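[1] next come a sequence and a model predicted from it.
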There are 2 protein chains.
Amino acid sequence: MAKCFSQWKKQCLNKLDCSKKGSVDQDIEHVVSQLNSCEQYFTTSSCSGRIIVIDAAPDSSDVQKRNCVWLFVTHQPCTSDDVVSAVAESTRDAVLKFEPFVLHVQCRRLEDAQLVHSVAINSGFRNSGLTIGKTGKIIMAVRSTHSLEVPLSHKGKLLVGHEYINFLTQMANQKMEENLRRIQRFYQNLQLALTTDKLQELQIPDHSRSQELQYTPNTPETEEKIKTSVYKRRRKRDQHQTDCCHGDGSDIVHELDDCLDLFT
Amino acid sequence: MAKCFSQWKKQCLNKLDCSKKGSVDQDIEHVVSQLNSCEQYFTTSSCSGRIIVIDAAPDSSDVQKRNCVWLFVTHQPCTSDDVVSAVAESTRDAVLKFEPFVLHVQCRRLEDAQLVHSVAINSGFRNSGLTIGKTGKIIMAVRSTHSLEVPLSHKGKLLVGHEYINFLTQMANQKMEENLRRIQRFYQNLQLALTTDKLQELQIPDHSRSQELQYTPNTPETEEKIKTSVYKRRRKRDQHQTDCCHGDGSDIVHELDDCLDLFT
């Protein structure tokens, strides 16, 4: 299995980037590099998050949406003029979407995947999950619930006013900012988790280091750790009554509470 | 582990339903019953899909959104009057959302989870994934990418016209219908997969049954199987160029191609 994984990794990293853009997005280069520098991980696809306007046939299914026209795409904040110009080109049904950070990481062992999953959930990426293929391929998908999907035109006719598009652009930009904060939180939590994991693997009882991680709130990592911990506890408190329609009072975040719990 | 799972199952099914609604949604009762009747599964939470209007503080984070007011919720199609009346009550920022089917299934073994995962992906629930806790708890989450999230008011002031709300309601209802079709597809594929799995487990080389499943397009199950297979192939063909910003030309659906592949 170990040999197989390193072969997969070599093949994947040597392959041509077949995405539309052809390269890793700037805002997540450090995250992708960090993971690819670890022997137990490599990334198979990613997007830092984007604001898009697409034009598709009315009532088209997801499959048919593959044939849609991309009127606008940006991985940075945008202006309402960008959106107005894009939707002016619509001949079918235009929709504005904010699509958050997504990352697929192939992992060597299940424990490696559990570590990234725990980091992802603790960083706010609550729709993250594993895929385990029958050949032993383990993929961890980092996904967020944090989106926006707003119809703008129908059969080429604008459905909303410019004032609304202005408001929408602000919302999309706010979501983009929050998305970047979560990416940063993910990156910092990942660094911390990998360090802790490595120390445990080496079985070096490095007390000074572990005490620093636990008690000294002077580094960005530890400050973030404390924030994350508070964030998680707050979530726990607020979710005693689940939003799901049928439930045992827990949700997927609680299911993970018995997971690695790196940050509490 | 086996004993532990049956204890978890007993505890969970005897527990009070702590959700807002307090019961399983009508449209997925058959799915939940089917899973709970299998010794290797039990459901921990679910929602058949819903249209909601919520009112939250502007710029509030996801955590603060827990304190939002629910102005409207339905698990059935709705009218634009329902939405207009709901948003009239808004004092903060109202948002209309369509939230698709979600289901959390605790699974006895990893293979059991892989089977439900494969069924979910093949039925169109592309954001599905596993969570594996450190105590061995395996949760399979069935999730869709199929959503809608549209701001309707800001500080209590309506941002859009009634005509737009009318259009939006139609879209949300269409998504609700498509969601129900996918639930049905999931149910039928699940039945088929469980039957196949059981036959394999019993190691009975039941040729007549397996031939019926493979070749006779006369039952709803097999017709659905063929549709699913076509659907999957079409997806494969369309996704040679991935929408992700950096990618190896595959996506999570392709990662699953080496999974159970029950339907090809």
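    Happy to help now that I have it.
[2] now do the end-to-end distance for stretch A:105-114.
    Counting by C-alpha to C-alpha, to the nearest Å, you get 12 Å between the two ends of stretch A:105-114.
[3] what sits up against that stretch?
    Contacts with stretch A:105-114, where a contact means C-beta atoms under 8 Å, 6 or more residues apart in numbering or on different chains, come from A:1-2, A:5, A:8-9, A:12, A:35, A:39-44, A:116, A:130, A:132, A:137-142, A:259-260, B:132, B:134. (Glycine included, C-beta is placed from N, CA and C.)
[4] show me where the stretch 1-150 of chain A has its strands.
    Using DSSP state E, counting those that start in this stretch, the strands of the stretch 1-150 of chain A run over residues A:41-47, A:50-56, A:69-74, A:93-99, A:102-107, A:129-132, A:138-142, A:148-151.
[5] could I get those strands as a markdown table with mean neighbour count and mean pLDDT?
    Formatted as a markdown table, the strands of the stretch 1-150 of chain A follow (neighbours: other C-beta atoms under 10 Å in any protein chain shown; pLDDT from 0 to 100):
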| stretch | mean neighbour count | mean pLDDT |
| --- | --- | --- |
| strand A:41-47 | 24 | 95 |
| strand A:50-56 | 22 | 96 |
| strand A:69-74 | 17 | 96 |
| strand A:93-99 | 23 | 97 |
| strand A:102-107 | 24 | 97 |
| strand A:129-132 | 24 | 97 |
| strand A:138-142 | 24 | 97 |
| strand A:148-151 | 21 | 96 |
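[6] which one of the ones you listed lies closest to B:Ala94?
    Taking C-beta to C-beta, strand A:148-151 is the member of the strands of the stretch 1-150 of chain A nearest to B:Ala94, at 13.6 Å.
[7] just the helices in the stretch 51-200 of chain A please.
    Counting by DSSP state H, counting those that start in this stretch, the stretch 51-200 of chain A has these helices, from start to end: A:62-65, A:80-88, A:110-122, A:162-202.
[8] can you add mean pLDDT and mean neighbour count and give these back as JSON lines?
    Output for the helices of the stretch 51-200 of chain A, formatted as JSON lines (pLDDT from 0 to 100; neighbours: other C-beta atoms under 10 Å in any protein chain shown):
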{"stretch": "helix A:62-65", "mean pLDDT": "56", "mean neighbour count": "14"}
{"stretch": "helix A:80-88", "mean pLDDT": "98", "mean neighbour count": "18"}
{"stretch": "helix A:110-122", "mean pLDDT": "96", "mean neighbour count": "23"}
{"stretch": "helix A:162-202", "mean pLDDT": "93", "mean neighbour count": "17"}
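[9] quick one: which of the ones you listed is nearest B:Ser123?
    Comparing the helices of the stretch 51-200 of chain A by C-beta to C-beta, helix A:62-65 comes nearest, at 12.3 Å.
[10] ok, and what's touching stretch A:160-173?
    In contact with stretch A:160-173 (C-beta under 8 Å, 6+ apart) are residues A:51, A:77-80, A:82-84, A:87, A:96, A:98, A:148, A:150, A:152, B:151, B:154, B:159-160, B:164.
[11] what about the residue nearest to A:Asp25 when sequence neighbours are not counted, how many residues nearby?
    Residue nearest to A:Asp25 in three dimensions, not counting chain neighbours: A:Ser48, with 3.6 Å by C-beta to C-beta, 6 or more residues apart in numbering or on different chains. Neighbour count of A:Ser48, defined by other C-beta atoms under 10 Å in any protein chain shown: 24.
[12] so A:Ser48 makes contact with A:Lys21?
    No - assessed by C-beta atoms under 8 Å, A:Ser48 is found out of contact with A:Lys21, at 10.4 Å.
[13] and the residue in chain A positioned nearest to chain B, what does it touch?
    Proximity of chain A to chain B (C-beta to the nearest C-beta) peaks at A:Gly129, 1.8 Å away. A:Gly129 makes contacts with A:His117, A:Met140, A:Ala141, A:Arg143, B:Asn127, B:Ser128, B:Gly129, B:Leu130, B:Thr131, B:Ala141, B:Arg143, as judged by C-beta under 8 Å, 6+ apart.
[14] format the residues you listed as JSON lines; extra columns: distance to A:Met171.
    Putting those into JSON lines (distance: C-beta to C-beta, whole Å) gives the following:
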{"residue": "A:His117", "distance to A:Met171": "29"}
{"residue": "A:Met140", "distance to A:Met171": "29"}
{"residue": "A:Ala141", "distance to A:Met171": "25"}
{"residue": "A:Arg143", "distance to A:Met171": "20"}
{"residue": "B:Asn127", "distance to A:Met171": "22"}
{"residue": "B:Ser128", "distance to A:Met171": "28"}
{"residue": "B:Gly129", "distance to A:Met171": "27"}
{"residue": "B:Leu130", "distance to A:Met171": "32"}
{"residue": "B:Thr131", "distance to A:Met171": "30"}
{"residue": "B:Ala141", "distance to A:Met171": "27"}
{"residue": "B:Arg143", "distance to A:Met171": "23"}
